[in-house]
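**Student:** make a model of this:
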Amino acid sequence: MGLLSIIKKQKLKDKELRILILGLDNAGKTTIVKKIINEDVSKVSPTMGFQISTVLYKEYNLNIWDIGGQTSLRAFWGNYFDKTDAIMWVIDGLALERLNESFKELKEKILLQDRLVGIKVLILVNKVDLLDDYEEVEREVSSLLNVDEKIPANQQWKVLSISGKTGFGIIEALEWCIS
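**Tutor:** Numbers count the residues shown, from 1 in each chain. Presented below is the predicted three-dimensional model:
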């Protein structure tokens, strides 16, 4: 293989991002992925294991790994961390009583992992189409999680409201991942 071939492959690779979409069960991860890849979101079942979807977005190949969030599957999340560029952490905006459980999993299984130091973490508050004041819920999630103090300084992160069902916030989420 010549030098030109190696350079060409590297350029193609540079336009490819691996995004893990994680969170507790029933947070809406699969619905968000289906909306991103323009599939029907009316029929979604729990993800047992993982599903990989690839979508072309603004000259980037986004490889989105939708990984199940059931308690029994969380121990295996670490198997998917290699070569990850960003994590979308999905929180169910209708189940704020699970917020402490969600942040505990985010912290222990994601933020404290050496293999993920420095990657982007996008915290998505999902199902905002069913909320009266999604901006207030977004502020409440940020406040309850105390993200400014609990997320390490070397971690790029953002909290964003989203609706997997309507597509609200999807473009902003993808833009943030590729920026």
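
**Student:** okay, buried residues for the helix or strand harbouring residue 173 please.
**Tutor:** Element membership of residue 173, judged by DSSP states H and E, is helix 170-178. By neighbour count on 16 or more other Cβ atoms under 10 Å, the buried set for helix 170-178 is 170, 173, 174, 176, 177, 178. C-beta: built from backbone N, CA, C; applies to glycine.

**Student:** in this protein, where is pLDDT below threshold?
**Tutor:** Residues of the chain that meet the criterion pLDDT under 70 lie in 1-13, 146-155.

**Student:** what are the boundaries of the helices in it?
**Tutor:** For the chain, applying DSSP state H gives helices covering 3-14, 29-36, 71-74, 99-106, 134-145, 147-150, 170-178.

**Student:** highest mean neighbour count across these, which stretch is it?
**Tutor:** Of all these, helix 29-36 carries the top mean neighbour count, a mean of 24, counting by mean count of other Cβ atoms under 10 Å.

**Student:** ok, and what's touching it?
**Tutor:** If you take Cβ atoms under 8 Å, 6 or more residues apart in numbering as the criterion, helix 29-36 is touched by 21-23, 40-41, 44-47, 51, 53, 55, 62, 64, 66-67, 69, 88, 90, 124, 126, 162, 164-165, 167, 170, 174.
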